[in-house]
Structures are given as structure tokens and as C-alpha cells.
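> Task: produce atomic coordinates for the following.
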Amino acid sequence: MRTYLVGGAVRDKWLGRPVVDRDHVVVGAQPDDLLARGYKPVGKDFPVFLHPESGEEYALARTERKTGRGYHGFAFHADPNVTLEQDLARRDLTINAIAEDEHGVLVDPYGGVRDLEQRLLRHVSPAFVEDPVRLLRVARFAARFAPLGFTVAEETMTLLQQMVRNGEIDHLVPERVWAETRKALGEAQPSAFLRVLRDAGALAVLFPEIDALYGVPQRAEFHPEIDTGVHQEMVLDAAAQLAPGNDLVGFCALTHDLGKALTPADELPRHIGHEQRGVKPLRALAARLKVPTDYAELAELVCREHLNAHRALELKPATLLKLFVALDALRRPDRLETFLTACMADKRGRLGHEQDDYPQATWLRQARHAAASITSDPFVAQGLQGPAIGAAMEKARIRAIAEMKLM
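Coordinates of the predicted model:
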């Protein structure tokens, strides 16, 4: 029995990145061998065990065979005769198919180190096309490693396009699409996720609402990048810089401008009312992918209200209060922060405006604080009851915002 460190741990160690998860493969063993050593079984579909002390995962070396369409259409085979090379062959990318033995010696049968050096995301074998999730994973790895100069190998992109043409990605379940998308939105350069999917032809299949933004013109004086799809990519990357790893901000950024794809042709390049038009496609996307309710709700608020955030310095106190109430920001200031970050990303996601200040954020925080400082206590003391208390508080909050505006 021999054990090897495999996958992301080996890759990230080579790249000098923090190693988060350490996974191992066990060659020449069967389940009873690990159970006798105190390992705890956790795998349902194939033998995976947790180390009794470290808690790290140890999986028996295995092969897989395609038995049907989609992510679950595989049969796994694990026994002591499966070699390390056979186990690594079933992995998606060469950079994830490197093993390290107990002495730190690398086992690299598929050229993963070469591709790390050349900054390439390359598939291990033609069997890559059998699992549609791999298309999403490649796009997600592109979002993670694009800042390091990684690109998708030409032959791998050809396979991704083949997976779209043959309908394999049509068998992706919504939960898995959302899970991979959510991870991608938390990566360093999520625009690469969109570009890989679009180059493969998958964006139009999985995210038609977003694909429709490409080629839609905007007014050059406000959007020097002109193309709404390019703007979308820039907003995503701005969000990743402002809130690293925050996929909620990322989803709000991803869906804030969907209404621009629905602007009548005779109104282009203006997009009057796009913030309201965007609600319907956003709801369709969120429902199709089974996006969590809190993500969908806040994204819809960003879609509807981001122009009000940009105009915050000119808005009437009553309008500002309505915005805070819509966001539930008086009780939950964290929602305002998420909203403001997405709006700031929208402002900075424009060619030549990547470092623009956003004084609206400071102003809205101050206005919210002024409104939230009004409590019901003095009105209760005056003898007001029921709806009268709410009406009095609303007037007082509007006045507090107005007085702050005069300071």
C-alpha cells in the first residue's frame, strides 16, 4: 500500500499558492486495509476515507467508465490492481493530475508540470468530454488562474466546443451549474469564466440572458468600452477587486445590467429604463439555476436601484429613505454595504474609470445612519400608537436626512 498527495494540493504547492485542501490517493489497498488502520469511511459512490488524526481525505485508486449522459452517468471501479497512472488519467486537467509521494517526488505522467510552466489549462485525455461539469470547471479555473497568465489550450477549447455541439452540457443539473458559477464569482478574475464559456458556445446555452449583452452598444461618453458585454466583464472584475471572494457581490454585479439586452433597437445606444427591464430576465435566470433567495433578492435590488445609488447626491431625502427601506438597510446595514460595493463596481467597470472615487457610498452610509438614529421611543412617550408611530418616524427620518444634507 502506498499513498500519494494529489490534485490541487500538489498544483498549488508548485505555484506557491496557499494549500487549502490536501487530498490523497491510496494505491495497492482495499477498504479493509484502511479500516484496520482506523480510517473512517465517508464515500458513498466510491471508497473515500478520512485519516484518523489529520481528517484529510484518502481515496482508493480507481478508474471510471461512462454509462450514461450527464454528471452522474459513470461507474467507478476500485481495487488494489488500479495503478496511480490509471487513477490520474480520469482527472480533468493535467495540472490537477500530478501526484507527490512521501519523499516529495512528483509523479507526472500527463505533463502537468510542463503545463504549469507554460500556464496552460489542458485536458488529460479524450474522456474529458464525457463529464459536462468539466466545462464549468475549466471556466472556473480560468477565473482563478487568469491573473497568473493561464489560458485554455487550443485543443481543450476544441473539446469544450464539441461538448456544447453534442448536447452533453444540456444534461447539467441547475444545482451544479449554480455551484460552479458561485465559486467562479468568488475567484480573482471572474470575467475569464464568462469568456471561456462564450468561446466554447456554452454561455448562450447556460446563461442566455448574459450572452445577449454582447454586441449591445452603450453611449461612448459614459461607457468608452461601448459593448455591454465587455462592460459586464469589467464590472465582475471590479467587484472581485473590491470584495475578494464575495460571490454575493459577484452575483449582483453579474446580473445588474440584464435589461440592456432588451432595449428597443431604435433607442440604442441609450438604455432608458433598463434597470426595470432587467428584473424579468434576472428572475428567470435565478429560478432556472435555483439561486438562493437571499442572492436573488439582493441582486434584484441592485438591478432596480443601482442608478439611484449613482444619483444619490441629488436624490430627495424621501427617495433616499425609500431606498433604505427597500434594502432593509435600517435594520441590516450589511445589505447596504453589499449593495454599495456592487454599485461601485458598476461605476468602475468602465474603460478608463477603473480607479474612480465613489463619494455616493460615503453619503449613503451617512444618510442611513441619520435615518437609523430615529427610534420609536420619543413618539411612544408622546402617546402615539400603532400606525401613527410609523408615520411620525418616517417624517422624522426624512427630516434627519434633510438636515444632514444641509450640513
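> lowest-pLDDT helix or strand in the protein?
strand 74-78 (a mean of 63; mean pLDDT, DSSP states H and E).
> mind checking how far residue 315 is from residue 232?
Here the distance between residue 315 and residue 232 works out to 26 Å (Cβ to Cβ, to the nearest Å). No exception for glycine: its C-beta is placed from N, CA and C like everyone else's.
> Between the two, which has more neighbouring residues?
Neighbours per residue, other Cβ atoms under 10 Å: of residue 315 and residue 232, the larger number sits with residue 232, 25 against 20.
> ok, that one - contacts?
Shown in contact with residue 232 (Cβ atoms under 8 Å, 6 or more residues apart in numbering): 194, 210, 213, 254, 257, 349.
> Try it again at 6 Å.
For residue 232, the contact set (Cβ atoms under 6 Å, 6 or more residues apart in numbering) comprises residue 213.
> And the average pLDDT for the top helix by length along the chain is what?
Counting residues, the longest helix in the chain under DSSP state H turns out to be helix 387-406. With pLDDT averaged residue by residue, helix 387-406 scores 90.
> for it, packing partners?
Counting contacts by 3 or more Cβ pairs under 6 Å, 6 or more residues apart in numbering; DSSP states H and E, helix 387-406 is packed against helix 317-327, helix 359-372.
> how far does stretch 195-210 stretch from start to finish?
Stretch 195-210 has its terminal residues 11 Å apart, counting by Cα to Cα, to the nearest Å.
> whoops, I mixed them up, stretch 314-334
Stretch 314-334 has an end-to-end distance of 23 Å (criterion: Cα to Cα).
> mind listing what's buried in it?
For stretch 314-334, the neighbour count (16 or more other Cβ atoms under 10 Å) marks 315, 317, 320-324, 327, 329-330 as buried.
> can you list contacts of that stretch?
So stretch 314-334 is contacted by 301, 308, 335-336, 339, 367-368, 371-372, 397-398, 401-402 (Cβ under 6 Å, 6+ apart).
> any low-confidence regions in the protein?
Counting by pLDDT under 70, the chain contains low-confidence ranges at 43-46, 64-76, 405-407.
> coming back round to it: buried subset of the contacts of stretch 314-334?
Buried among those by 16+ other Cβ under 10 Å: 301, 308, 335-336, 339, 367-368, 371, 397-398, 401.
> Out of those residues, which comes closest to residue 275?
Closest approach between those and residue 275, by Cβ to Cβ: residue 308, at 8.5 Å.
> Kindly provide the distance from the closest one to residue 224.
Look at residue 308 and residue 224: by Cβ to Cβ, they are 24 Å apart.
> and what of residue 85?
For residue 85 relative to residue 224 (Cβ to Cβ), the value is 52 Å.
> now residue 218
The spacing between residue 218 and residue 224, counted by Cβ to Cβ, is 9 Å.
> dump the residue contacts of the one residue sitting closest to the centre of the chain.
By Cα atoms, centre = their mean, the mean C-alpha position of the chain lies nearest to residue 185, the distance being 1.9 Å. Residue 185 sits next to 247, 250-251 when contact means Cβ under 6 Å, 6+ apart.
> State the phi and psi torsions of it.
The phi/psi pair for residue 185 (degrees, to the nearest 10) reads phi -70, psi -20.
> That one - nearest residue in space that isn't next to it in sequence?
Among residues not flanking residue 185 along the chain, residue 250 sits closest, at 3.1 Å (Cβ to Cβ, 6 or more residues apart in numbering).
> what's around the one you found, how many residues?
30.
> Secondary structure of it: a helix, I assume?
Yes. The assignment for residue 250, made by DSSP: H, G, I helix; E, B strand; the rest coil, places it in a helix.
> Residue 23 versus that one, what's the distance?
Taken as Cβ to Cβ, the span from residue 250 to residue 23 is 26 Å.
> same question, residue 116
Distance from residue 116 to residue 23, by Cβ to Cβ: 18 Å.
> With residue 347 instead?
Counting by Cβ to Cβ, the gap from residue 347 to residue 23 is 41 Å.
> a markdown table for the helices and strands packed on helix 387-406, including distance to residue 137?
Compiled in a markdown table, the helices and strands packed on helix 387-406 are given as follows (distance: least, Cβ to Cβ, whole Å):
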| stretch | distance to residue 137 |
| --- | --- |
| helix 317-327 | 34 |
| helix 359-372 | 35 |
